[in-house]
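Colleague: any chance you could fold what I've pasted below:
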Amino acid sequence: MEADHRAGAAALNKTSKPVTDDDHGNDPPCKNRSCFFCVMNEPDPSLRRARIAACFKQIPLDDDPQTVLVLSGLWNVAMAQPDNQEFPSLGLFDCLARLILRGVHDKEWLRRDQNVYVPYYAAHVVGSYVMNKARLAEKAVKSGVVPGLMELMRGKMSWVEQRVAVRALGHLASHDEAFEALFEFEREIVGLAMEIACNCLEVVYDEFISVSRGGRERYHVDLVTRGIGGKETEDARAEEWASQLQCWSLYLLNCFASKSKGLDVMCKREFLRRLCGMWGGLANRHSSSPGAIGLIRTLCQSKIGRSSIASSRQVIECLCNLSRSSDDCQYTAIDGLLLLLRDPDTRHRVLDMSAAVLADLVELDGCSRGEGKRVGERITRAVLQDYHKFKYGDSKLESERSQRALEETWDLKVARRRRERLMPEEEVGERKAMVGALKREGNESFWCGEIKKAAVAYTRALDLCLLKMRKQRIVIHSNRAQCHLLMRDPEKAISDATRALCLSGAAARPHGKSLWRRSQAYDMRGLGRESLMDCLTFIQVRMGGERPGTPAKNRIPYYATRMLNKQMNATWLFARVPSKQMRRSGTGTGTGTKKKKAATCRSEHQAGKCGVKSDRADDMLMTDEDKLRWSRRRKLEGGVRTKHRAPAKDRGLLM
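Modeller: Presented below is the predicted three-dimensional model:
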């Protein structure tokens, strides 16, 4: 019988087709005619379908200990073939809906055998089947899966079941045919999703991460690791699941926001403030959830959302920082800012805070999602939309920096184009020679320790540089960014590095040294997420060769390894949670040391997932050339001026 069950389970996991007797040899047949695995082996297709439908009706009523095995097999099928409609057409959703409700309300049944796993698998199967097909989502709603999923979302069991319930509800809400069934729970779903997004990290940390391995729920450990790996694996997977729970909650909120539902609840100042910090980390970079920035952009598509977001300086600053980063959400953040700038009611407030940032992006290459026009050109039109009011009228921005940014954008994109179009060839040649001389002067001043003088020379060179001299402008902007770094002016360093990256084609082959300099500048400002993404991109560029045809480096620089470790610890998903626990319990430095050590372990795990080997023995990664260069850089940063020019092999700091 056991061999027959194994054959049936294998058939269920691989495909929904029946298994013949040859697949399991001459084992004695199972005497239980209601056994689901035996039903799967029925050779007659019509009889097999009828018996499967009968099994789906009977499973919620029986106390069969094999129910978990059946659901586990169905889960494998649903994950591998989410568009296969055979099982849903035979009453699967009715079976799953009743199993979820039974698990929520019948605690005695839940404690028997392995029934505690049943609600998790049932909700997971629902979410997988309704992911793509609107017809299946509509069938699931009519079968009554929503009440059981709502009970799990309310936390009637634990965060593990809550995760798959939120996922299933999010997929249901993405289909218009099924959304009406959720509309009656609108305010409750939106409120619960907001609460989960804000508090799920603390819940997972309190109930799993901070608990000793022996004190954790056994079935949670089994689900998280599938019985493979020790405590480190459990922690890493729990971190990933916590990130997914937050991201799926945001996905569910995004489904309501895209239909202009629940906006008055979502657009509260406190939630928007906390939304800016919901990143998800590197563990969930390829999730289909739009994330926090995606939700902010969706809110920007409505009048009430734009008004609330424009009133929050923290949200605007978050959008500005991401728009000048290597994060996957860069274009999403830019789209959100442009939506705010197109609204006359929010334009002036947002332009005053974002003009200086957007001015750095007007030469950005690449296409934004959904539109075939260059991102830089779209930004230019949005920023200069009513520039005549600022130039010839009485309109002024409150920020002088933003006012200058508008003037620079006009000069760069309009006035200089006109002048250079009519410029004679003789003047073009003279300018090229002057730019080369000023660049050399800046390099000489830099290596003599006269950083301010070097920055002035680079500025004069940029003023004379023609727009078509892209390579020279990339180098000069990047060199001036290095000067601003040494003068401890991170905002100007970010601006210059961003302009160099836009000119170099940030999406295709970004300029490696500009990435590293911007990563350092973001680190000075305490923005770990932006610094980390620039550092990772810098490492990828270096490992792949900075320019086409150049050999790839096979060693991660020492300084990049240090930055990677630092920012991994700073952006660890639970980095902020231990401090709350320590304040609540009043623990001392010993606990803090444990948390810090745990954060370091997480950083190394995430770095490994990103293809970066973060060796703890940093000195082993640093070559003699790296050590010499790093020593000279520290002297420059400390204000030590050298009288002689640096050796030729150390001129990699500038170009």
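
Colleague: count of neighbours near L466?
Modeller: 17 (other CB atoms under 10 Å). All C-beta spots, glycine's among them, are computed from the backbone N, C-alpha and C.

Colleague: list the contacts for it?
Modeller: E420, M423, V428, R431, K432 (CB atoms under 8 Å, 6 or more residues apart in numbering).

Colleague: 7 Å instead?
Modeller: By CB atoms under 7 Å, 6 or more residues apart in numbering, the contact list for L466 reads E420, V428, R431.

Colleague: pretty sure the first one sits against M469.
Modeller: No - checked against CB atoms under 7 Å, the pair E420 and M469 is beyond contact range at 10.2 Å.

Colleague: more neighbours: the two, which one.
Modeller: Set side by side, E420 and M469 show unequal neighbour counts under other CB under 10 Å, the larger going to M469 at 17 against 14.

Colleague: returning to that earlier point: got TSV for the contacts of L466, with secondary structure too?
Modeller: Shown next, in TSV, are these (DSSP: H, G, I helix; E, B strand; the rest coil):
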residue	secondary structure
E420	helix
V428	helix
R431	helix
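
Colleague: nearest to R51, of these?
Modeller: When these are compared for distance to R51 (CB to CB), E420 wins out at 79.2 Å.

Colleague: and the pLDDT for that closest one?
Modeller: Per-residue pLDDT puts E420 at 88.

Colleague: my read is that T225 contacts R237, right?
Modeller: Yes - between T225 and R237 a contact is recorded at 5.9 Å, counting by CB under 7 Å.

Colleague: the more surrounded of those two?
Modeller: R237 (19 against 16).

Colleague: surely that one touches V224?
Modeller: Yes - R237 is within contact range of V224, at 4.5 Å (criterion: CB under 7 Å).

Colleague: lowest-pLDDT helix or strand in the chain?
Modeller: The weakest-scoring helix or strand in the chain, judged by mean pLDDT, DSSP states H and E, is helix 618-621 (a mean of 35).

Colleague: hmm, back to that, wait, which of the contacts of L466 is closest to N254?
Modeller: So of those, ranked by how close each gets to N254 (CB to CB), first place is E420, at 44.6 Å.

Colleague: residues in contact with the closest one?
Modeller: E420 touches L466, L467, counting by CB under 7 Å, 6+ apart.

Colleague: please report how far it lies from W410.
Modeller: Distance, E420 to W410, using CB to CB, to the nearest Å: 15 Å.

Colleague: kindly report the same for F271.
Modeller: With CB to CB as the criterion, F271 and W410 are 38 Å apart.

Colleague: the two - which one has more neighbours?
Modeller: Neighbour count, other CB under 10 Å: between F271 and W410, W410 has more, with 19 against 16.

Colleague: residues contacting that one?
Modeller: L384, Y387.

Colleague: quick check: which element contains it?
Modeller: helix 400-410 (DSSP states H and E).

Colleague: how about that helix: buried residues?
Modeller: By 16 or more other CB atoms under 10 Å, the buried positions in helix 400-410 come out as S402, Q403, A405, L406, T409, W410.

Colleague: stretch 113-133 now?
Modeller: 115-131, 133.

Colleague: need the contact partners of it.
Modeller: Under CB under 7 Å, 6+ apart, the answer for stretch 113-133 is 65, 67-68, 71-72, 74-75, 78-79, 82-83, 88, 93, 96, 99-100, 103-104, 109-110, 136-137, 140, 145, 149, 152, 157, 160-161, 164-165, 167-168, 171-172, 219, 223.

Colleague: now those residues: which count as buried?
Modeller: Applying 16+ other CB under 10 Å to the contacts of stretch 113-133 flags 67-68, 71-72, 74-75, 78, 82, 88, 93, 96, 99-100, 103-104, 110, 136-137, 140, 145, 149, 152, 157, 160-161, 164-165, 167-168, 171-172, 223 as buried.

Colleague: out of those residues, which are inside helices?
Modeller: Secondary structure of those is defined by DSSP state H; positions in helices are 67-68, 71-72, 74-75, 78, 88, 93, 96, 99-100, 103-104, 110, 136-137, 140, 145, 149, 152, 160-161, 164-165, 167-168, 171-172, 223.

Colleague: before we move on, back to that, F390: which of the contacts of L466 is nearest?
Modeller: After measuring the contacts of L466 against F390 - CB to CB - the closest member comes out as E420, at 23.7 Å.
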